[in-house]
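[1] Build me a model:
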Amino acid sequence: MLRRDFGKASLGVMGSTILAGSPGRARGVPGSEFPRAPGLTEYVGKFVAATRYEDIPEGVIELGKKSILDGLGLALAGSRAQTGSICREYLGQLGICDGKSSIIGSSIKTSPRFAAFVNGVSIHADDFDDTQLSAAKDRVYGLLVHPTVPVLPAVLAVTEGRAISGKEFMLAYHLGVEVECKIAEAISPRHYQDGFHSTGTCGPFGSAAACAKLLQFDLSKIQNTFGLAASQSGGLRENFGTMTKPFQAGRAAESGLLSAGLVSLGWTAAEQILEAERGFFHALGGSFDPGAIMDRLGKPWTFTSPGISLKPYPSGSLSHPAMTELARLINAHKLQPTQVQKLDIGANHQMTTTLLHHRPKTGLEAKFSMEFCLAILLLRGKAGLSEFSDPVVQSADVQEMIGRVHFYVEPEAESAGFDKMTSLLRIHLRDGRVISGRADFAKGSPANPMSFDEAAAKFRGCAEFAEWPRQKTEKLITYVKTLDSTRDISVLSPLLSAEKG
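    Predicted coordinates:
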C-alpha cells in the first residue's frame with residue numbers, strides 16, 4: 001500500500017470520526033497487504049557505510065551547525081531542570097560518576113551510554129529542540145521526530161576522549177538525522193495518531209546509524225545494530241507534558257549507542273528489521289510507504305527538504321505559528337491584556353489533541369497547552385524558559401487569562417492538511433473590535449528561518465538561563481561555527497563541563 005492509499009484511508013477514517021463528534025484515530029485498512037520492500041534495511045546500512053563527508057552538500061552542513069549549536073544550548077539549559085538533578089542523583093546511586101563521558105552542565109563524567117541518556121533528557125527537557133517537518137499532508141507537521149536529540153548526545157559520548165575531527169563528528173551526526181527522519185516519514189501515520197512518540201521510536205535508528213559510522217562498522221554490523229535498536233524503540237504520547245517525554249528522547253540516544261556497543265562485541269540481531277513482516281514498520285505502524293525511504297536517503301537530505309525547524313519558544317511546536325502571529329499582532333496594535341475580552345484560536349484536530357492540557361497546572365503541562373502559550377504572551381509579552389515554571393502557570397492572573405482563550409477545531413485549518421500548523425486567531429477586544437490573524441508556519445521554520453546569528457542568540461539565552469560562564473558561551477558559538485575545520489573534537493567537552501569543586 002502506497003502513501004497515497006493509506007493516507008486517503010487514514011484521512012477518511014479521521015473525517016468520519018470527526019463528523020461523529022469523536023477524536024479521529026487513523027487505523028490500517030482491514031485486509032490491506034503489507035508493502036514489500038526486500039533489501040530495505042540493507043539499503044539503509046549501505047548508505048551509512050558508504051557516505052563520506054564530501055557527499056553532504058555545503059548547505060546541509062551549515063544547517064546542521066545551527067541544530068548542533070541549538071542542541072548544546074538546550075543541554076545546558078535542560079541540565080537545570082528537575083529531570084537533570086534526578087538523573088545526576090540516579091548516576092550517583094549507581095556509582096558510575098567516574099567515567100570518560102561528560103554530563104553537560106556538570107562536572108560529572110560517566111559511561112558513554114548513560115552520558116547519552118542524561119544529555120538527551122536535558123536537550124529535550126524544555127521541549128525547545130528542533131523538529132522535523134513533514135513532506136506529505138497525511139503527516140502531522142513537526143511531530144515526526146525531534147532530529148537532534150537522539151543523535152547528538154550519542155555522537156558526543158562516543159567521540160569524547162577519541163581523536164575525532166569535526167568533519168567525522170558532523171558526518172556521523174548528519175547520517176543519524178537523515179536515517180531517523182526518513183524512517184519517521186515512511187511509517188504509517190497511524191503510528192503517531194494512535195499514541196506512539198516518534199522521537200522515542202524512530203530516534204534509536206538515528207543514534208544507531210551515527211554510532212555505527214563512528215565505529216566504522218561494516219554492512220552486517222550496521223544491520224545488526226539497527227535490529228537491536230529496533231527492539232528498544234518506545235515512547236507514548238500520553239506522557240507528553242510530564243518528565244517521561246524527555247526520558248523517551250534520552251532513551252532513544254542511549255539505545256542506539258548501547259546497540260552499537262554490544263554489536264562491536266559480537267552481538268547479533270535480525271538484519272532485515274525494517275521491512276520484515278514481524279519487524280519495525282509492521283509491528284509499530286501496521287504499514288509504511290517504501291517510496292518515502294527506499295532510494296531516498298540523501299535525495300534530498302531532510303535538512304534541505306522538507307527541512308527542519310528551530311523552535312522560537314520552549315513549548316510544543318504546534319503552538320509556535322499562533323505564538324509567532326500573536327506576538328506580531330500584539331506589537332502591531334500595541335495590545336494590553338486589559339483590552340482583551342476573548343481570544344479564539346482555531347486549528348486542526350491533531351493540534352487540539354496534541355496540545356492536550358487545556359487547563360495546565362505545571363510548567364511541563366503548559367508546554368502542551370495552546371491556551372497557556374497565548375495567555376502568557378498576552379500578559380507578559382514573552383514566553384521564555386522562565387515563563388514555563390509552576391509558579392507562573394499557577395498564578396491567578398495567568399489562570400484567569402487562560403480562561404479567555406478558546407482553542408477549537410477550525411474546518412479551514414483542518415482542510416489545509418496536517419503538514420501545516422494552520423492557526424487562525426481572532427482577538428475580541430472590549431471596545432467591540434476584532435483583530436484577526438493567520439499563520440501556517442512559525443519563526444525558525446524553513447519558511448521563516450533563523451540565521452546562525454539568531455540561533456546563537458537563542459543559545460546565549462539558554463546558556464544564561466543555566467548561568468554558564470560568558471567566556472565559555474562565546475567560545476562554544478565560535479567553535480560550532482567553524483566545526484568543519486576542527487581537527488580534534490576534544491576541545492568541546494571542557495566548554496560544556498563545569499569545574500570541579
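[2] Contact partners for residue 500?
    Contact partners of residue 500, counting by CB atoms under 8 Å, 6 or more residues apart in numbering, are residue 107. C-beta coordinates here come from the backbone N, C-alpha and C atoms, glycine included.
[3] From residue 270, how far out is it?
    44 Å (CB to CB, to the nearest Å).
[4] cool, residue 144 as well?
    Taken as CB to CB, the span from residue 144 to residue 270 is 24 Å.
[5] And for residue 403?
    In terms of CB to CB, residue 403 sits 53 Å off from residue 270.
[6] what helix or strand does the closest residue to residue 368 other than its chain neighbours sit in?
    Distances taken as CB to CB, 6 or more residues apart in numbering put residue 241 closest to residue 368, at 4.4 Å, once the chain neighbours are dropped. Assigned by DSSP states H and E, residue 241 falls within no helix or strand.
[7] ok, now the one 5 residues further on?
    When elements are defined using DSSP H and E, residue 246 is found to belong to helix 244-264.
[8] swap in residue 69?
    Here residue 69 is assigned to helix 58-78, by DSSP H and E.
[9] Following element in sequence after that helix, please.
    helix 82-94.
[10] in that following helix, what counts as buried?
    Across helix 82-94, burial judged by 16 or more other CB atoms under 10 Å covers 83, 84, 87, 88, 91.
[11] Give the rounded mean pLDDT of it.
    What helix 82-94 shows for mean pLDDT is 97.
[12] Who are the packing partners of it?
    helix 112-125 (3 or more CB pairs under 8 Å, 6 or more residues apart in numbering; DSSP states H and E).
[13] tilt between the helix it packs on and helix 58-78?
    Comparing the axes of helix 112-125 and helix 58-78 via axes from the mean of the first three to the mean of the last three CA atoms, to 10 degrees yields an angle of 90 degrees.
[14] then helix 112-125 to PDB, C-alphas only?
    What follows is helix 112-125 as a C-alpha-only set of coordinates in PDB (Å, rounded to 0.1, in the frame of the first residue of the first chain):
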ATOM      1  CA  PRO A 112      29.100   6.800  27.300                       C
ATOM      2  CA  ARG A 113      25.800   5.000  27.500                       C
ATOM      3  CA  PHE A 114      24.500   7.000  30.500                       C
ATOM      4  CA  ALA A 115      26.000  10.200  29.200                       C
ATOM      5  CA  ALA A 116      24.000   9.800  26.000                       C
ATOM      6  CA  PHE A 117      20.900   9.200  28.100                       C
ATOM      7  CA  VAL A 118      21.200  12.100  30.600                       C
ATOM      8  CA  ASN A 119      22.300  14.600  27.900                       C
ATOM      9  CA  GLY A 120      19.400  13.500  25.700                       C
ATOM     10  CA  VAL A 121      17.000  14.100  28.600                       C
ATOM     11  CA  SER A 122      18.500  17.500  29.100                       C
ATOM     12  CA  ILE A 123      18.200  18.500  25.500                       C
ATOM     13  CA  HIS A 124      14.500  17.600  25.400                       C
ATOM     14  CA  ALA A 125      13.700  18.700  29.000                       C
END
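[15] Check which residues of that helix are buried.
    112-125.
[16] For residue 457, state which of the buried residues of helix 82-94 is nearest.
    residue 84 (23.1 Å; CB to CB).
[17] With adjacent residues omitted, what lies nearest to that closest one?
    residue 122 is the one closest to residue 84 (CB to CB, 6+ apart), at 5.4 Å.
[18] Distance of the one you found relative to residue 105?
    From residue 122 to residue 105 the distance is 7 Å (CB to CB).
[19] Mind listing the shared neighbours of these two?
    Counting by CB under 8 Å, 6+ apart, the residues touching both residue 122 and residue 105 are 75, 76, 78, 79, 84.
[20] which of these tops the neighbour count?
    In terms of neighbours by other CB atoms under 10 Å, these top out with residue 78 at 34 neighbours.
[21] now stretch 275-289, how far from the chain's geometric center?
    Distance, stretch centre to chain centre, for stretch 275-289: 22 Å (CA atoms, centre = their mean, to the nearest Å).
[22] again but with stretch 407-417, I slipped
    24 Å.
[23] One more: stretch 49-61?
    That offset, for stretch 49-61, works out to 22 Å (CA atoms, centre = their mean).
[24] same check, this time on stretch 382-389
    For stretch 382-389, the distance to the chain centre is 19 Å (CA atoms, centre = their mean).
[25] which other residues reach it?
    Residues contacting stretch 382-389 (CB under 8 Å, 6+ apart): 77, 126, 128, 313-315, 323, 363-364, 366-367, 373, 376-377, 380, 392, 461-462, 465.
[26] And it, what's buried?
    So stretch 382-389, judged by 16+ other CB under 10 Å, has buried residues 383, 384, 385, 387, 388.
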